[in-house]
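Pasted the sequence and its predicted model underneath.
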Protein chains: 2
Amino acid sequence: MQVNEIIWSETEQKIAEVAFQKAYERETSTLIQEIRESAGAITELDQIWRLHDFLSARRHEIDGKYDFSYSVLLFVFATFIKQGWLQPTDLEGLAKDKLAKIISLARM
Amino acid sequence: MQVNEIIWSETEQKIAEVAFQKAYERETSTLIQEIRESAGAITELDQIWRLHDFLSARRHEIDGKYDFSYSVLLFVFATFIKQGWLQPTDLEGLAKDKLAKIISLARM
């Protein structure tokens, strides 16, 4: 299966959109919580610059990761699973070969 | 008076160091307070990226501004006064021509 030639049925597109949104909401709400907690504990300027470094890295990573293009979506979902933002059950309803590919990529 | 050829007496050096440190502490504690408050109010990812932009700008500004070199110190103190981190009274004990120059630069 060439990942860039995959056909996504309408049902699968809907499942993918919902799962993508779910990962985004989980990751962003976790990030918001982290920022609120770490900012609340800041007492020195160095900690502010460490927070800044952390945000620079997370922004770069999140900007690159949340790409809803069907040509890369298997890789994107694999990353979400690897990082714990999605469980395979969140992708139930996708064709078995897609799900197998995602899970296999997530293990790499 | 050429600002890069100014002689700072030992007493003046001490006054300058104390004032410099005072400005630094005032500005950084204000920044810490600002970050804690704005981070505490974050509920959306966009606000995190605005905080990141704000920190990038402040880091750049603070890194550039806190330069304790006698050749630029009149300008540095003028900036502190302009931005409210120092009052002219914090510089009492400096020679009158230095203080006049700082206050004049702060008005520009």
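Looks like it came in fine. Residues are numbered from 1 along each chain as shown, chains lettered A, B, ... in the order given.

Please count neighbours and contacts with C-alpha atoms only from this point.
OK.

Once you drop chain neighbours, what's closest to the most centrally placed residue in chain A?
When CA atoms, centre = their mean is applied to chain A, the residue found nearest the centroid is A:F80 (3.8 Å). Of all residues not flanking A:F80 in the chain, A:L86 sits nearest, at 5.4 Å (CA to CA, 6 or more residues apart in numbering or on different chains).

May I see the buried residues of the longest helix along chain A?
When chain A is parsed with DSSP state H, its longest helix is helix A:10-40. By neighbour count on 16 or more other CA atoms under 10 Å in any protein chain shown, the buried set for helix A:10-40 is A:12, A:15-16, A:19-20, A:23-24, A:27-28, A:31-33, A:35-36, A:38-40.

Which ones among those residues also lie next to chain B?
Applying CA under 8 Å from any CA of the partner chain, the subset of these adjacent to chain B comprises A:T28, A:I32, A:I35, A:R36, A:A39, A:G40.

Same list (these) but as a markdown table, adding distance to A:Y70 and pLDDT.
Listed next are those as a markdown table, based on distance: CA to CA, whole Å; pLDDT from 0 to 100:
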| residue | distance to A:Y70 | pLDDT |
| --- | --- | --- |
| A:T28 | 22 | 95 |
| A:I32 | 28 | 95 |
| A:I35 | 31 | 94 |
| A:R36 | 34 | 92 |
| A:A39 | 37 | 91 |
| A:G40 | 40 | 89 |
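
Let me know the average pLDDT across the one helix or strand A:F54 maps to.
In this structure, A:F54 is located in helix A:45-65 according to DSSP states H and E. For helix A:45-65, mean pLDDT rounds to 95.

now what about the following helix or strand past it, what contacts it?
Sequence order places helix A:73-82 as the next helix or strand after helix A:45-65, per DSSP H and E. With contact meaning CA atoms under 8 Å, 6 or more residues apart in numbering or on different chains, helix A:73-82 is reached by A:3, A:20, A:23, A:65-67, A:86-88, A:98, A:101-107.

6 Å instead, please
Outside helix A:73-82, the residues that touch it by CA atoms under 6 Å, 6 or more residues apart in numbering or on different chains are A:L86, A:Q87, A:I102, A:L105, A:A106.

count of neighbours near the second one?
Taking other CA atoms under 10 Å in any protein chain shown as the criterion, the count of residues near A:Q87 is 17.

Over to the one 4 residues further on?
A total of 19 residues lie near A:L91 under the criterion other CA under 10 Å.

and if you look at A:T89?
9.

Can you classify it as helix, strand or coil?
Taking DSSP: H, G, I helix; E, B strand; the rest coil as the rule, one finds A:T89 in the helix state.

how near is it to A:I81?
Separation of A:T89 from A:I81 (CA to CA, to the nearest Å): 10 Å.

Repeat that for A:G64.
From A:G64 across to A:I81, the span is 16 Å (CA to CA).

neighbour-wise, which of the two wins?
Neighbours were counted for A:G64 and for A:I81 using other CA under 10 Å; A:I81 has more, 20 against 10.

I'd like the distance between the more buried one and chain B.
As judged by CA to the nearest CA, to the nearest Å, A:I81 and chain B stand 21 Å apart.

got the residues of chain A near chain B?
Residues of chain A lying close to chain B by CA under 6 Å from any CA of the partner chain are A:R36, A:A39, A:G40.
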